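Undergrad: Based on what follows, work out the 3D shape:
(one chain, ligands or ions: 1)
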Amino acid sequence: MTARIISGTEIAQKIREELKEEIDLLKSRHGITPGLATVIVGDDPASQTYVSSKIKSCQALGIFSTNYPLHESTSEKELLYLVKTLNDDPTINGILVQVPLPKHINENKVLTAIHPDKDVDGFHPVNIGRMVIGEQGLLPCTPAGIQQMLMRSHVETNGAEVVIVGRSNIVGKPIANMLMQKAGGANATVTVCHSATRDIASHTRRADILISAIGKPRFITADMVKPGATVIDVGTNEIGKTPAGKRILCGDVDFDNVKTVAGAITPVPGGVGPMTIVILMANTVKAAKLAHGLQ
Ligand SMILES: Nc1nc2c(c(=O)[nH]1)N[C@@H](CN(C=O)c1ccc(C(=O)N[C@@H](CCC(=O)O)C(=O)O)cc1)CN2
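TA: Residues are numbered from 1 along each chain as shown. I've put the predicted structure just below:
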């Protein structure tokens with residue numbers, strides 16, 4: 001048996017088509033063009049790839065985007081000043097500061113300086129709080145992308161055993177909360193494994209839905225997966241470069257072996273990654289509608 005492939009590339013394309021219609025209507029009926037500001041500090045190649053993908057996605061959809069590539073030495077004070085300027089800019093509905101930031105900058109201080117209504121990453125405590133209590137807000141892109149993959153692929157989540165490996169602030173913790181939600185959520189039973197968890201495999205083998213977001217290449221092996229389980233691989237681990245210098249990626253999951261056990265699986269690349277980008281686009285449109293009292 002070989003697992004069904006859950007293609008983030010295909011699902012993201014479908015969502016992009018839906019968004020394009022929404023954006024065209026915003027423009028034709030209300031004269032509104034959603035605006036996204038992207039901020040990147042330093043020259044990390046992976047971050048540059050991701051921000052470039054976000055900008056290209058804006059251009060394809062007709063979202064106004066403006067990029068602020070800052071030098072590695074940019075001070076925290078200078079970055080906070082830029083964020084404040086963008087908070088006050090009416091043409092900008094969403095602000096994205098690419099993480100990780102250089103060590104001399106307090107990341108949480110910068111991310112919480114973004115106005116919650118422009119926090120299209122869904123990282124701000126106000127949006128995290130809204131998510132936890134089930135109120136409308138801006139959801140973090142990768143967790144919301146995973147939720148869309150599960151919903152649109154008709155993966156049964158109600159009462160499902162979900163095991164998440166990883167407890168980061170941008171994936172593990174928020175996806176755990178989202179999938180345990182009842183109203184509008186997955187209504188699942190959630191376990192979160194992390195660096196202090198003993199015998200991780202004893203948990204992963206229980207999972208109907210296994211989500212790995214730890215950044216360890218091929219960490220999840222076939223013996224760690226329940227036959228027929230749905231496996232969501234959030235890992236984007238660089239394991240080398242092509243002769244042309246392009247990054248070679250693999251996920252947290254040993255895809256070639258796990259796909260012989262799993263019932264459904266997401267690939268890397270082409271799985272969760274594209275969903276992160278398209279949910280960012282959706283959040284920017286949502287923020288634009290909110291700013292104009294249409295949401
Ligand atoms: N401000 C933010 N910073 C970061 C976020 C985020 O959501 N907001 N998430 C991650 C990185 N990330 C988004 O920026 C991200 C990761 C991967 C992809 C993606 O499309 N990956 C492709 C492969 C791309 C490649 O060739 O490297 C895939 O998996 O198919 C998009 C966005 C950390 N920082």
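Undergrad: Pull the number of nearby residues for Ile239.
TA: Ile239: 10 surrounding residues under other Cβ atoms under 10 Å. (Glycine included, C-beta is placed from N, CA and C.)
Undergrad: Repeat that for Leu96.
TA: Residues lying near Leu96 (other Cβ under 10 Å) number 27.
Undergrad: what's the answer for His154, then?
TA: If you count neighbours by other Cβ under 10 Å, His154 ends up with 8.
Undergrad: Which residue ranges of the stretch 151-295 of the chain form strands?
TA: If DSSP state E, counting those that start in this stretch is used as the criterion, the strands of the stretch 151-295 of the chain fall at 161-165, 189-193, 209-212, 230-233, 237-241, 247-250, 264-265.
Undergrad: Dump those into TSV; add mean pLDDT and distance to the ligand as well.
TA: Formatted as TSV, the strands of the stretch 151-295 of the chain follow (pLDDT from 0 to 100; distance: least, Cβ to the nearest ligand atom, whole Å):
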stretch	mean pLDDT	distance to the ligand
strand 161-165	98	16
strand 189-193	98	19
strand 209-212	98	13
strand 230-233	98	9
strand 237-241	95	8
strand 247-250	94	5
strand 264-265	98	14
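Undergrad: For my notes, please list the ones you listed in JSON lines and give distance to Glu18 for each entry.
TA: Below are these laid out as JSON lines (distance: least, Cβ to Cβ, whole Å):
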{"stretch": "strand 161-165", "distance to Glu18": "26"}
{"stretch": "strand 189-193", "distance to Glu18": "28"}
{"stretch": "strand 209-212", "distance to Glu18": "24"}
{"stretch": "strand 230-233", "distance to Glu18": "22"}
{"stretch": "strand 237-241", "distance to Glu18": "31"}
{"stretch": "strand 247-250", "distance to Glu18": "27"}
{"stretch": "strand 264-265", "distance to Glu18": "23"}
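Undergrad: looking at these, which is closest to Ile55?
TA: Ranking those by proximity to Ile55 (Cβ to Cβ) places strand 247-250 first, at 18.0 Å.
Undergrad: Kindly provide the distance from Gly245 to Pro45.
TA: Distance of Gly245 to Pro45, computed by Cβ to Cβ, to the nearest Å: 9 Å.
Undergrad: Between the two, point out the one with more neighbours.
TA: The residue with more neighbours, out of Gly245 and Pro45, is Pro45; 11 against 7, by other Cβ under 10 Å.
Undergrad: Now that one. Nearest residue, chain neighbours left out?
TA: Leaving aside its sequence neighbours, Pro45 sits nearest to Arg247 (Cβ to Cβ, 6 or more residues apart in numbering; 6.9 Å).
Undergrad: Tell me what the one you found is bridged to.
TA: Lys241 (DSSP bridges).
Undergrad: That one is in contact with Glu238, isn't it?
TA: Yes - counting by Cβ atoms under 8 Å, Glu238 is a contact partner of Arg247 at 5.0 Å.
Undergrad: Quickly list what's touching both of the two.
TA: Jointly contacting Arg247 and Glu238 under the rule Cβ atoms under 8 Å, 6 or more residues apart in numbering are Ala46.
Undergrad: More neighbours: these two, which one.
TA: The residue with more neighbours, out of Arg247 and Glu238, is Arg247; 15 against 12, by other Cβ under 10 Å.
Undergrad: Contacts only, for that one.
TA: Taking Cβ under 8 Å, 6+ apart as the test, what Arg247 contacts is 45-46, 49, 238, 240-241.
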